[in-house]
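Q: Fold the following, please.
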Amino acid sequence: MEKSCTLLVHFDKGTPAIANEIKEALEGNDVPAKVDAMKKAISLLLNGETLPQLFITIVRYVLPSEDHTIQKLLLLYLEIIEKTDAKGRVLPEMILICQNLRNNLQHPNEYIRGVTLRFLCRLNETEIIEPLIPSVLQNLEHRHPFIRRNAILAVMAIYKLPQGEQLLVDAPEMIEKVLSTEQDQSTKRNAFLMLFTCAQDRAINYLLTHVDRVSEWGELLQMVVLELIRKVCRTNRGEKGKYIKIIISLLNAPSTAVIYECAGTLVSLSSAPTAIRSAAGTYCQLLLSQSDNNVKLIVLDRLNELKTSHRDIMVDLIMDVLRALSSPNLDIRRKTLDIVLELITPRNINEVVLMLKKEVVKTQNGELEKNGEYRQMLIQAIHSCAIKFPEVASTVVHLLMDFLGDSNVASAIDVVVFVREIIETNPKLRVSIITRLLDTFYQIRAARVCSCALWIIGEYCLSLSEVENGIATIKQCLGELPFYSVSEEGEAPDTSKKPPQANSITVSSRRPAILADGTYATQSAASETSFSPPTIVQGTPSSGNLRSLLLTGDFFLGSVVMCTLTKLVLRLEEVQPSRVEVNKASTQALLIMVSMLQLGQSSVLPHPIDNDSYDRILLCIRLLCNTGDDIRKIWLQSCRQSFVKMLSEKQLRETEELKAKAQVSHAQPDDLIDFYHLKSRKGMSQLELEDEVQDDLKRATGEFIKDGDDANKLNRILQLTGFSDPVYAEAYVTVHHYDIVLDVTVINRTKETLQNLCLELATMGDLKLVERPQNYTLAPESSKQIKANIKVSSTETGVIFGNIVYETSNVLERTVVVLNDIHIDIMDYISPAVCTDAAFRTMWAEFEWENKVAVNTIIQDEKEFLDHIMKSTNMKCLTAPSALDGECGFLAANLYAKSVFGEDALVNVSIEKQADGKLSGYIRIRSKTQGIALSLGDKITLKQKGGS
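A: Numbers count the residues shown, from 1 in each chain. Model prediction:
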């Protein structure tokens, strides 16, 4: 069996020291050489060398040395050498050391005394310690606190030895006396710690006697007091009332470490609203007073835990939590916003939105590199506020529309999606949003934002003036027609070089910050200045944003522009009494469409128009030339109805998720409930009463009951050996986040005693064994429980191999029983998660590991196959159920999950039903790490067949 190690020193194996050299250096008089030799000797001993010949040399030449460094190294040497023989008896030469240790304990120098006392804490041999006890006890009364402090630790270590209580019968009593007279804070802490670990009743007695002075004690002692309170209350919940008062008094301590521990202890012990409010207030105070980002993140995690269990109390502190947005760190800001968004109520929504608006305005002025990303987070937060509480939308929507031309495309997309949702859910704001959108449309610089804004213009311009303004805005942003002109032969190559220039102008026009609302030139003035050159007219900062984007070859945007124009002309027919005006608008729109097709088929741009966009524009042309009522209905009503349906489904999904979260465990019908109204209230403070009430409520709602799912336990038992093997073994595997515990039951099925029985394990993958196996002796037909801990460092399928090795009295060689492999399932580490479509696409583009699995299954229904894959892989489907409805023979869905290590797993399922009824297609898995992609692929390949 391997010995425990109390010391660890780095050792460079490249230059091994030779024992003779060390011996010569130790025998010389050169102190630095002796120090170096001692260090080499210690390093060699720690790395498995024995060096028996050095002991006597060290006793002769090193023990008498007065140098402090040598004495310290001597103690380290004594700590690691073998002090007992094979039978566990102390070696006779150790008596030589005892006298030296006694001298050190009475040494005039405080340092030598202190380090010797510290060394005694690591000695386990009672034969060596016994003669030193009087000297140790003398040091309890030494004038210097450094020695008293270490003497108490030595007493504690001796008392904790197997025979310690016989060696130091009255140790707790002595330490209690020391504690009552001691002034030094560190020594008091050690004395209290000794009582806490060795005589808990005395520690409690001392604490309750001096309860009024706890707040004056030092930080170290207060931390031990909190540890004691946690331990006592865990074993005896009935007494926690009097201790909670002590914790609340410590919340005003000057030390931040103490108040953090106090808050954590309060939350773990009590559910009384007063206690929780005090703890939450303390966390908020730490959040603002601490400058370290790691501390802030830890405190936010604690607040997040409080939010789930005590939301009502956290709602009152929402503005305090929001003040953490002043930190420049994005992770802190993101966590803060996540907490705040779940605490919003009708009472505090206005305050929160006002604060978020201020933060958005701040991002305009500062030149911080992450401002764009932070603005995007704020916009998303405001979006979700406005969806939950539509009445605040009117206060934020106009401010956010200033950011439609944001240089950060992601935040501009968030704004336009927000505007699209608000204009549908808040009909009162429709007119003002449309007017504002038409005024600021020329500032938009990103194609995706333009597409969405054009859809809004096409769907929500309803009155005559709005429709006319919409058409005028689009015409102005497209510039003069045609999009290119080849009047001379020499101009063609020149024009073909211009599109890149368009791009450069687009980029440069993004540089200025947000344009002030309404203070620039009016639309008519802008159009007069921009349409002067006769050849390719590029987009300028004040107009032509659509033109410059189209001239980079973005034909999808071109088709969106044409569809919007078609919708506006169709609507104009309904609201404009004058046929002349309608025909005029219609012909202008047709001219733009034809020019777009000409541009797409010309050699001016690097690539021609794609077929989809070409067909779409042709459809628009046909539609304007010949419109039927059915077609008109589809274009002017069906699009909007689809959008409304999408929004209602999204809302329904969110409410269902909230309902699922809200379901809590319930108690059994015959469980005991205490009626606190009937309890005696004598001598109980308000806080204790509150705590009792909350405990009763928890008991009634089943929160104290642990989910011991015994049926589930049986599924996790793995048989490791056969029934006919001399040793039978089975393992119960428990997977915690970062470690796996194997609880192995070994049964001796023979009539002989098995000696030195050892469970040897080896791992493959990112698994590491924590401890070395021990040897056991197993009586005939008896059993033994052996625990093995394995650390996990990433999400991938790992394998644990093993043998059981043992000896019997009549067989000389060892017997080996090979165990079944234990496969660690990736499903234990990944759980379903949710992310936005945009985030999914971004990750899909970024992740470099892809695993493509061909569909091979006996399942014949697409949806059934998708459900089977979701169940097998423990993933969540991000594709809306409505998108999967209907029978068309095709199915495409995105699945998402997150591992406990924070890794993302993305899956895309694309399947098609063949003529013979079988399913074919591919399942693509993408992840940042190779492990997840391969392990998930193996899992899907294994499980996708379906059937029984």
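
Q: okay, CA-based contacts and neighbour counts for the rest of this
A: OK.

Q: and stretch 128-145, what's its mean pLDDT?
A: Mean pLDDT, stretch 128-145: 90.

Q: Repeat that for stretch 560-579.
A: Here the average pLDDT along stretch 560-579 is 90.

Q: which parts of it are buried?
A: Neighbour-count burial for stretch 560-579 flags 560-573, 576 (criterion: 16 or more other CA atoms under 10 Å).

Q: which residues touch that stretch?
A: If you take CA atoms under 8 Å, 6 or more residues apart in numbering as the criterion, stretch 560-579 is touched by 451, 454-455, 457-459, 461-464, 467-468, 470-471, 474, 582, 585-586, 589, 593, 616-617, 620, 623-624, 632, 635-636.

Q: Give me the buried subset of these.
A: For the contacts of stretch 560-579, buried by 16+ other CA under 10 Å: 451, 454-455, 457-459, 461-462, 464, 467-468, 470-471, 474, 582, 585-586, 589, 593, 616-617, 620, 624, 635-636.

Q: Return the member of the buried residues of stretch 560-579 nearest to P52.
A: Nearest to P52 among the buried residues of stretch 560-579, counting by CA to CA, is V560 at 87.6 Å.

Q: ok but the closest one is inside a helix, no?
A: Yes: according to DSSP: H, G, I helix; E, B strand; the rest coil, V560 belongs to a helix.

Q: any idea how far it lies from S451?
A: To S451, V560 is 6 Å away according to CA to CA, to the nearest Å.

Q: buried ones in stretch 150-168?
A: By 16+ other CA under 10 Å, the buried positions in stretch 150-168 come out as 150-160, 164, 167-168.

Q: As TSV, those with secondary structure and distance to V741 would be great.
A: Below are these laid out as TSV (DSSP: H, G, I helix; E, B strand; the rest coil; distance: CA to CA, whole Å):
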residue	secondary structure	distance to V741
N150	helix	37
A151	helix	39
I152	helix	37
L153	helix	33
A154	helix	35
V155	helix	35
M156	helix	32
A157	helix	30
I158	helix	33
Y159	helix	32
K160	coil	28
G164	helix	33
L167	helix	38
L168	coil	38
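
Q: Pick the one among those residues closest to I413.
A: L153 (63.6 Å).

Q: got a list of what M194 touches?
A: Contacts for M194 (CA under 8 Å, 6+ apart) come out as 152-153, 156, 172, 175.

Q: Can you name the helix or strand that it falls in?
A: helix 185-198 (DSSP states H and E).

Q: likewise E79?
A: helix 68-80.

Q: re earlier: mind checking which of the contacts of stretch 560-579 land in helices?
A: Cross-referencing the contacts of stretch 560-579 against helices under DSSP state H gives 451, 454-455, 457-459, 464, 467-468, 470-471, 474, 582, 585-586, 589, 593, 616-617, 620, 623-624, 632.

Q: Low-confidence ranges, the stretch 301-450 of the chain, go.
A: 366-369 (pLDDT under 70).

Q: The helix holding M194: what's the following helix or strand?
A: helix 200-209.

Q: Could you work out the most separated pair of the buried residues of stretch 150-168?
A: Pairwise over the buried residues of stretch 150-168, using CA to CA, the maximum falls at N150 and L167, 18.3 Å.

Q: ok so, going back, now the contacts of M194 as CSV including pLDDT and distance to I339?
A: Formatted as CSV, those follow (pLDDT from 0 to 100; distance: CA to CA, whole Å):
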residue, pLDDT, distance to I339
I152, 93, 46
L153, 93, 44
M156, 92, 45
P172, 87, 48
I175, 89, 47
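
Q: among those, which two are most distant?
A: L153 and P172 (12.2 Å).

Q: mind showing which ranges of the stretch 501-650 of the chain have poor pLDDT?
A: 501-543.

Q: Now do the helices in it.
A: 523-530, 545-550, 555-575, 579-601, 611-625, 629-633, 639-662 (DSSP state H, counting those that start in this stretch).

Q: Also the stretch 751-900 of the chain?
A: According to DSSP H, counting those that start in this stretch, the helices that the stretch 751-900 of the chain contains are 837-846, 862-873.

Q: and of those helices, who's closest to L286?
A: helix 837-846 (32.5 Å).

Q: rewinding a little: which of the contacts of M194 sits closest to L399?
A: Taking these together and measuring to L399 by CA to CA, the closest member is L153, at 64.7 Å.

Q: The closest one against C121, yeah?
A: Yes: taking CA atoms under 8 Å as the definition, L153 is a contact partner of C121 at 6.7 Å.

Q: May I have the predicted confidence score for E261?
A: E261 is given a pLDDT of 91.

Q: which residues touch stretch 409-416?
A: 372-373, 375-377, 379-380, 400-401, 403-406, 446, 448-449, 452-453.

Q: same question, stretch 135-153
A: By CA under 8 Å, 6+ apart, stretch 135-153 touches 102, 105-106, 110, 113-114, 117-118, 121, 154-155, 175, 178, 184, 186-187, 190-191, 194.

Q: list the buried ones in it?
A: Neighbour-count burial for stretch 135-153 [16+ other CA under 10 Å]: 135-137, 139-140, 145-153.

Q: can you check stretch 394-414 too?
A: 394, 396-398, 400-414.

Q: Can you select the buried ones from the contacts of stretch 135-153 in PyMOL?
A: This is how PyMOL selects the buried members of these, with burial counted by 16+ other CA under 10 Å:
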select buried, resi 102+105+110+113+114+117+118+121+154+155+175+178+186+187+190+191+194
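
Q: dump the residue contacts of E752.
A: 779-780, 808 are the contacts of E752 under CA under 8 Å, 6+ apart.

Q: Need the buried ones from the residues you listed selected in ChimeraX.
A: Filtering the contacts of E752 down to the buried ones (16+ other CA under 10 Å) takes a single ChimeraX command:
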select :779,808
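
Q: ok, I95 - contacts?
A: I128.

Q: Give me the pLDDT for S496.
A: pLDDT recorded at S496 is 35.

Q: I figured D825 was touching T797, is that so?
A: Yes: the criterion here is CA under 8 Å, and D825 meets it with T797 at 5.8 Å.

Q: Which residue of the two possesses the greater neighbour count?
A: More crowded of D825 and T797, by other CA atoms under 10 Å: T797, with 23 against 17.

Q: Now do the SS call for G48.
A: coil.

Q: So it versus A41, what's the distance?
A: Counting by CA to CA, the gap from G48 to A41 is 11 Å.

Q: More neighbours: which of these two?
A: For G48 versus A41, neighbours defined as other CA under 10 Å are more numerous around A41 (23 against 8).

Q: State the helix or strand in which that one lies.
A: Going by DSSP H and E, A41 is part of helix 31-46.

Q: which strands and helices sit next to that helix?
A: helix 19-27, helix 68-80 (3 or more CA pairs under 8 Å, 6 or more residues apart in numbering; DSSP states H and E).

Q: ok, now with 10 Å
A: With contacts taken as 3 or more CA pairs under 10 Å, 6 or more residues apart in numbering; DSSP states H and E, helix 31-46 sits against helix 19-27, helix 54-61, helix 68-80.
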